[in-house]
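1. with the sequence up front, the predicted model follows.
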Amino acid sequence: MNHTLIFLTTLALTLVPAMGIANPLIPAGTQIQSPKVNELSGVIPASIAGYWGINDSGNSSSLYCFNSQGALLHEIPLKKVNNVDWEAITRDQDGYLYIGDFGDNDAQRKTYTIHKIHETHALAQKGETTKTYTFRYEDRKSRNCEAFFVQNGRLYLISKEPKESDTPSLFCIDSLQEKGPAIARRVGPMAITGRVTDVAYSSTHNLVVVLTKKQFFTFSFQQERDLLQAPQNTQSFKLGKCEGICFDGDTMILTNEKGGIWQWPLQLVTR
């Protein structure tokens, strides 16, 4: 293959996500088949085959497990838990799932909520074992948020600012508290713009990907200050209103609000 052809092939693969054209390295998107998952706002891999997802505000307080073909496998109601504005789901290395009830479009809430349940309890339909924690931001201001992840016991949150031209901020909860609200300290402003809808962390690849509705940004991540640097890569796409992102081994999973699922190979994420 000559140098001109190599250049054109590389250019085509780089532009494909932005143009919304089918890419042979990205399997065609599938659709969650159950009408119960009607406002998907977060996704995370399950230990069994498939993924855990949650619905946004105005829906039931349930975890939904579905496979990569879009078939609903489990619905687990979380007892005595409210869905005020569920916006994100993540997990830690010990098998605990965390649900972020911290959406606040009107910036009126004083404290926010994180629900925690072990995956084995969820699969055993033991929703009553869910623990609920509260937190507030260190400056006591109200903020909208749709993105968080866990790393070494710390929970990192990224604000969703009102405008696409705004700069989001990174916050950290060093530990959840049994009594009283935990404090989300501000780490600093991120070197990106856009309304952040989710974030994914891979400990295997030391990689963080920040999602907005039309783009994602990749960061090499070993310490929190790394997320305040310029992103290593930025890619645009046209896949609807995307609000869920996670890593599944060497694949990034992207979901939109209507239940569309895409598998994005890591070589394209880090291009």
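-> Yep, it's here.
2. endpoints of stretch 111-131, how far apart?
-> 16 Å (Cα to Cα, to the nearest Å).
3. quick check: mean pLDDT across it?
-> Regarding stretch 111-131, the rounded mean pLDDT is 92.
4. who does Thr90 form a beta bridge with?
-> Under DSSP bridges, the beta-bridge partners of Thr90 are Tyr98.
5. tell me how many other residues surround it.
-> Residues contacting Thr90 under the criterion other Cβ atoms under 10 Å number 26. Glycine gets a C-beta too; all of them are placed from N, C-alpha and C.
6. how much space separates it from Asp198?
-> Here the distance between Thr90 and Asp198 works out to 9 Å (Cβ to Cβ, to the nearest Å).
7. between the two, what contacts are shared?
-> The contact sets of Thr90 and Asp198 overlap at Gly42 (Cβ atoms under 8 Å, 6 or more residues apart in numbering).
8. ends of stretch 193-210, how far apart?
-> Stretch 193-210 has an end-to-end distance of 11 Å (criterion: Cα to Cα).
9. let me fix that: stretch 85-98
-> By Cα to Cα, the extent of stretch 85-98 from end to end equals 14 Å.
10. same question for stretch 259-269.
-> Length of stretch 259-269, first residue to last, Cα to Cα: 21 Å.
11. name the residues that touch it?
-> Residues external to stretch 259-269 that are found in contact with it (Cβ under 8 Å, 6+ apart): 13, 17, 23, 25-27, 29-32, 37-38, 40, 51, 68, 70, 205, 207, 209, 216, 218, 233, 235, 239-240, 248, 250-255.
12. restricted to strands, list those.
-> Using DSSP state E to define strands, the subset of these located there is 30-31, 40, 51, 207, 209, 216, 218, 233, 235, 248, 251-255.
13. ok, of these, which come out buried?
-> Taking 16 or more other Cβ atoms under 10 Å as the criterion, what is buried in the ones in strands among the contacts of stretch 259-269 is 30, 40, 51, 207, 209, 216, 218, 235, 248, 251-255.
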